[in-house]
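Student: kindly generate the corresponding structure for this input.
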Amino acid sequence: MKILFVVMLAAVPTFASAQAYVKLNALYATVGVLNPSVEFAVSNHSSVAFDGTLSPWRSWNGKRSLFGIVLGEYRYYFKEATSGWYVSANAGMAFFNIHRFQLFEGGKLISRQNDYGKGFSVAAGVGVGWERHLGERWLVDVFLSVDNMWSWYNRYSGDGSINMHPNGHEGYLKPDPFNGSVETMPIKFGVSFGYRIMKPRTSK
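Tutor: Next up, the predicted model:
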């Protein structure tokens, strides 16, 4: 994670003269989740991107679905920056107030837990994607990133009472509701459409 931040900071002086695109994730938008981003081409094969995700839903079908994520990402393109296939590394933070998803529980492929968690996470991971230009100013970006997420949170039952003895804390002499976990999961995926807002400067 530290190496990624060093690489991104080293690229900062080039932003003013870089080609840049602003994007919006169309897949997330269909369910009311906002995922804007900005990408700067910093070399012939590299770019740096920053994006944020916000699910504003305090209740979705009776389940809490409020969360936000901010990420910084380095991308390496095999063809040229902002064109073709790329691999990436990212790091960021998140907050959440959600009923978590479960797979293959109760005879259902995807279900939601009855209790919910409130807390924050830090994340780091890798991704893969593909970009294609649509004319002079537009492009499409298809991507998937999978991260390790280190989370710290309190868990609550459906009536709002806090769980004072979460899993792994049963032997504590004093109640300690603050829980932690590490998970590997997709942190972002989708199809974004981008519009060029900056052209690279050319020397006279």
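Student: can you confirm residue 27 is in a helix?
Tutor: Yes - assessed by DSSP: H, G, I helix; E, B strand; the rest coil, residue 27 belongs to a helix.
Student: what about the closest residue to it other than its chain neighbours, which helix or strand?
Tutor: Leaving out its chain neighbours, the residue that sits closest to residue 27 by Cβ to Cβ, 6 or more residues apart in numbering is residue 190, at 3.8 Å. Quick note: C-beta positions are derived from backbone N, CA and C, even for glycine. Counting by DSSP states H and E, the element that carries residue 190 is strand 179-198.
Student: now do residue 92
Tutor: strand 84-98.
Student: now that strand: mean pLDDT?
Tutor: Strand 84-98 shows a mean pLDDT of 96.
Student: repeat for stretch 144-161
Tutor: Averaged across stretch 144-161, pLDDT comes to 87.
Student: which parts of it count as buried, going by neighbours?
Tutor: By neighbour count on 16 or more other Cβ atoms under 10 Å, the buried set for stretch 144-161 is 145, 147-149, 151, 153, 155-156.
Student: got the angle for the strand holding residue 190 vs strand 84-98?
Tutor: Strand 179-198 and strand 84-98 are oriented at 130 degrees to each other (axes from the mean of the first three to the mean of the last three Cα atoms, to 10 degrees).
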